[in-house]
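Asks: Here's a sequence, model it:
(4 chains)
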Protein chains: 2
Amino acid sequence: MKNRLKVLRAERDWSQQHLADELGVSRQSVNAIETGKYDPSLPLAFRIAALFDMRIEEIFTPDD
Amino acid sequence: MKNRLKVLRAERDWSQQHLADELGVSRQSVNAIETGKYDPSLPLAFRIAALFDMRIEEIFTPDD
DNA sequence: GCCTCGTGTCAAGCAAGCATGACACAATGT
DNA sequence: ACATTGTGTCATGCTTGCTTGACACGAGGC
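Replies: This next block holds a predicted model:
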């Protein structure tokens, strides 16, 4: 599962900590998702999409 | 997190077992998701959306 | 030099998403 | 009466998502 989180964050000049605060998760979770260590849960994916005002499919793409 | 899985399945007259096979998960997982015991992972949500040819947001809605 | 900020990463622990196997029960078919 | 099918649920166990706390490192500012 790939994601455009790092780019979207860079476009807004946000730190991982700031994004984490907006999403209500830890900085380590944001970092782990960005670096591909694991995928977010579905509820968190919805929060991410809502924050960037995008659809989930515009941010995450299954890497198969 | 609500979902329209039961309805979509009924529209196609599929059993939980058949849907589980299509998705590559167990019947119990399909049942647990339908009955709201837990939410699917993001990869599974993508597979579900692909199977029904819909967007994730058309099937799942955060219940906040 | 030092300090701060942003990022990456590790460990330990808890919670949630899967698995398999089993059982109960209603509805239907033979 | 018996077997089958679909659904709900339980127990147990493994893997993944997420937490807190900590440490290392590079880039910049003082």
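
Asks: So is stretch A:27-38 next to DNA strand D?
Replies: Yes: against DNA strand D, stretch A:27-38 shows contacts by C-beta under 7 Å from any atom of the strand at A:28, A:29, A:32, A:33, A:37, A:38. In this view, the C-beta of every residue, glycine as well, is placed from N, C-alpha and C.

Asks: element containing the fifth one?
Replies: Assignment of secondary structure by DSSP states H and E places residue A:37 within no helix or strand.

Asks: separation between it and residue A:56?
Replies: Per C-beta to C-beta, to the nearest Å, residue A:37 is found 19 Å from residue A:56.

Asks: what do you get for the fourth one?
Replies: In this structure, residue A:33 lies at 13 Å from residue A:56, with C-beta to C-beta as the measure.

Asks: Return the residues of chain A in contact with DNA strand D.
Replies: So far as C-beta under 7 Å from any atom of the strand goes, chain A lies against DNA strand D at A:20, A:24-26, A:28-29, A:32-33, A:37-41, A:43-44.

Asks: Any of the residues you listed buried? List them.
Replies: Among these, those classed as buried by 16 or more other C-beta atoms under 10 Å in any protein chain shown are A:20, A:25, A:29, A:33, A:39, A:40, A:41, A:44.
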